[in-house]
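Visitor: no sequence on hand, only this structure:
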């Protein structure tokens, strides 16, 4: 088994932590890295690995700030991004700027206007939660992971930008899986399209209640978790 694109650490790093020198368990260890990385992403409700994001959809509610999903923003400036509204490229980008790259925030002085449905029979009021996702943003975002920066990786030779504590959480979780490999608390594997991602049973946070689960993993992940409303 190979490491998935979203893997947050390397096989060699995990083996060093476990003091494993042979290669007989490599496939199983890579599976645990993939499962740990997938759990981290799901727990935090966000993806961490760097990628070019195409036409990410957002609703506009009139506010001046818009938060992108893949953070941090790596695009050098707004001119390096493509911003569309209702399919038409916004050319007046002098009113839009990267407000906080680490937090993934774009600032638009005119406001990220939107479109909603009117309440039936009340033409002057919009119906709640009918905003349409008419904004589309194409940009470079996310952290360069050790796997991506490794030889042959997507960003071969680039500087690793993934926070060390986040990689550490993945390592501790993979070690936890390894130590429980002979118990009945088996992990599952779900296939989505062409990508196979391991995950804890039903991607439930109940995994954190298992005996021996490293509490520091949750402490770290809570720092990076997106709030689901």
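Guide: Good, I have the coordinates. Because the structure is predicted, anything quoted here is derived from the model rather than measured. Numbering: from 1, shown residues only.
Visitor: run the chain-centre distance for stretch 58-77.
Guide: Taking Cα atoms, centre = their mean, to the nearest Å, one finds stretch 58-77 lying 15 Å from the centre of the chain it belongs to.
Visitor: buried stuff in it?
Guide: 58, 59, 60, 66, 68, 69, 70, 71, 72, 73, 74, 75 (16 or more other Cβ atoms under 10 Å). (Each C-beta comes from the backbone N, C-alpha and C, glycine too.)
Visitor: can you give me the end-to-end span of that stretch?
Guide: 19 Å (Cα to Cα, to the nearest Å).
Visitor: show me the contacts for the most centrally placed residue in the chain.
Guide: Closest residue to the average C-alpha location of the chain: residue 47 at 0.9 Å, with Cα atoms, centre = their mean. Neighbour list for residue 47: 6, 41, 69, 70, 142 [criterion: Cβ atoms under 8 Å, 6 or more residues apart in numbering].
Visitor: okay if I get those residues as JSON lines plus secondary structure, pLDDT and distance to residue 171?
Guide: Converted to JSON lines, the contacts of residue 47 look like this (DSSP: H, G, I helix; E, B strand; the rest coil; pLDDT from 0 to 100; distance: Cβ to Cβ, whole Å):
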{"residue": "6", "secondary structure": "coil", "pLDDT": "96", "distance to residue 171": "15"}
{"residue": "41", "secondary structure": "helix", "pLDDT": "95", "distance to residue 171": "15"}
{"residue": "69", "secondary structure": "coil", "pLDDT": "95", "distance to residue 171": "25"}
{"residue": "70", "secondary structure": "coil", "pLDDT": "97", "distance to residue 171": "23"}
{"residue": "142", "secondary structure": "coil", "pLDDT": "97", "distance to residue 171": "19"}
